[in-house]
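Student: everything below, folded, please.
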Amino acid sequence: MPATAETVRAFRDRLGLPGLVDVHTHFMPDRVMRKVWDYFDAAGPLTGVAWPITYRHEEEQRVALLREFGVRAFTSMLYPHKPAMAAWLNAWAEDFAARTPDCLHTATFFPEKDAAAYVGRAVERGARVFKAHLQVGGYDPNDPLLTPVWGLLAEARIPVVVHCGSGPVAAAHTGPGPIARLLARHPRLPLVVAHMGMPEYADFLDLADRHREVRLDTTMAFTDFSAQFSGFPPADLGRLADLGDRILLGTDFPNIPYPYEHQLEALERLGLGDDWLRAVCHDNGARLFSLPGRPPGPR
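Tutor: Numbering: from 1, shown residues only. Purely as a prediction, here's the structure:
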């Protein structure tokens with residue numbers, strides 16, 4: 001059953017939150033989104049688990065649902081799988097952000113000769129977060145064509161949400177190794193590890209321990225669905241508490257096989273306390289993106 005606004009509102013009200021900040025939601029050009037849905041429709045044979053899309057709605061309805069849930073800021077995570085695609089996606093995302101003020105202007109890139117140029121344009125035009133998908137894109141983040149891109153984003157202090165863990169299916173450049181090498185070269189890069197680095201949770205927590213600018217988003221982690229094939233190790237729960245100021249709410253809406261509220265329930269049942277939940281579900285994201293009314297503390 002899809003989540004109801006009342007259920008999510010009750011969660012927010014109990015914690016006294018003004019809303020949610022969801023750093024990992026997907027909005028894309030319609031034909032691209034439908035291809036993504038086709039991929040997930042076929043993902044069962046790859047993962048051994050069926051992956052029905054809970055919120056397979058038109059764009060306008062998906063935006064309306066997030067607003068009903070009280071999500072005050074969200075993203076349009078999008079990503080290319082081949083050259084000569086990222087600049088076009090960025091143009092779409094800029095327009096989407098312009099007509100959707102609660103969406104953080106999102107952009108992306110691919111290792112190609114003009115990457116630095118179109119990333120620079122996106123930054124000049126107000127991009128606030130980037131997405132990199134090493135699994136789908138099939139590229140090494142240390143590709144020399146991306147060196148100026150990472151340097152630019154590190155200098156501008158613009159967060160990059162990177163799907164670098166090996167879930168649900170490992171690829172040539174997933175896992176902690178490539179990202180560790182990238183961070184050795186760009187230690188000031190504000191990098192957000194998508195999906196908590198699933199399934200290499202401990203390795204990516206280690207990276208966060210070593211690099212102050214590394215954060216992790218909760219997307220699909222801790223849920224019943226993910227527990228079927230990549231459960232979070234109970235022994236590392238204490239590390240989540242220690243890194244409580246650098247963990248961000250992410251959900252993968254609309255491409256999730258369960259109601260939106262289940263991600264919130266999964267976080268709550270970790271038992272890490274209301275202050276941790278407030279930080280993860282709102283305060284950390286509000287601070288990272290300098291949202292109005294953000295809580296005090298370092299960015």
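
Student: helix/strand/coil for the closest residue in space to residue 136 that isn't next to it in sequence?
Tutor: Once flanking residues are discounted, residue 136 sits nearest to residue 81: 5.2 Å by CB to CB, 6 or more residues apart in numbering. C-beta coordinates here come from the backbone N, C-alpha and C atoms, glycine included. Following DSSP: H, G, I helix; E, B strand; the rest coil, we place residue 81 in the coil state.

Student: measure residue 22 to residue 66 for me?
Tutor: 7 Å (CB to CB, to the nearest Å).

Student: ignore what I typed, I meant residue 125.
Tutor: Residue 125 is 23 Å from residue 66, where distance means CB to CB.

Student: those two: which is more packed in?
Tutor: Each of residue 125 and residue 66 has its neighbours counted (other CB atoms under 10 Å); residue 66 has more, 25 against 14.

Student: the residue nearest to that one when sequence neighbours are not counted is in what secondary structure piece?
Tutor: Nearest residue to residue 66, sequence neighbours excluded (CB to CB, 6+ apart): residue 74, at 5.6 Å. Using DSSP states H and E, residue 74 sits in strand 71-75.

Student: scan this protein for its longest helix.
Tutor: For the chain, the longest helix by residue count, based on DSSP state H, is helix 86-99.

Student: can you point out the buried residues in that helix?
Tutor: Neighbour counts over helix 86-99 (16 or more other CB atoms under 10 Å) mark 86, 87, 89, 90, 91, 92, 93, 94, 96, 97 as buried.

Student: one more: stretch 115-129?
Tutor: Neighbour-count burial for stretch 115-129, with 16+ other CB under 10 Å as criterion, is recorded at 115, 116, 118, 119, 121, 122, 123, 127, 128, 129.

Student: try stretch 252-264
Tutor: By neighbour count on 16+ other CB under 10 Å, the buried set for stretch 252-264 is 252-264.

Student: from the middle of its chain, how far away would stretch 180-198 be?
Tutor: The chain centroid and the centroid of stretch 180-198 are separated by 13 Å under CA atoms, centre = their mean, to the nearest Å.

Student: go on, stretch 142-159?
Tutor: The chain centroid and the centroid of stretch 142-159 are separated by 18 Å, computed with CA atoms, centre = their mean.

Student: now swap in stretch 10-28 and tell me
Tutor: Centroid separation for stretch 10-28 versus its chain: 13 Å, with CA atoms, centre = their mean.

Student: buried set for whichever strand or helix holds residue 239?
Tutor: Secondary structure assigned from DSSP H and E places residue 239 in helix 237-242. Neighbour-count burial for helix 237-242, counted by 16+ other CB under 10 Å, picks out 239, 240.

Student: ok, of the buried residues of stretch 115-129, which one's closest to residue 239?
Tutor: residue 129 (24.6 Å; CB to CB).

Student: what's the closest one sitting at in phi/psi?
Tutor: When read as degrees, to the nearest 10, the backbone of residue 129 gives phi -160, psi 140.

Student: ok, it - contacts?
Tutor: Residue 129 makes contact with 23, 75, 104, 105, 106, 107, 158, 159, 160, 161, 289 under the criterion CB atoms under 8 Å, 6 or more residues apart in numbering.

Student: coming back round to it: need the CA coordinates for the helix holding residue 239. PDB is fine.
Tutor: Provided in PDB are the C-alpha atoms of helix 237-242 (Å, rounded to 0.1, in the frame of the first residue of the first chain):
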ATOM      1  CA  LEU A 237      25.400   0.300  14.400                       C
ATOM      2  CA  GLY A 238      27.500   2.200  16.900                       C
ATOM      3  CA  ARG A 239      29.400   3.700  14.000                       C
ATOM      4  CA  LEU A 240      26.200   5.200  12.600                       C
ATOM      5  CA  ALA A 241      25.700   7.000  15.900                       C
ATOM      6  CA  ASP A 242      29.300   8.300  15.800                       C
END
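
Student: may I have the distance across stretch 15-23, first residue to last?
Tutor: By CA to CA, to the nearest Å, the extent of stretch 15-23 from end to end equals 19 Å.
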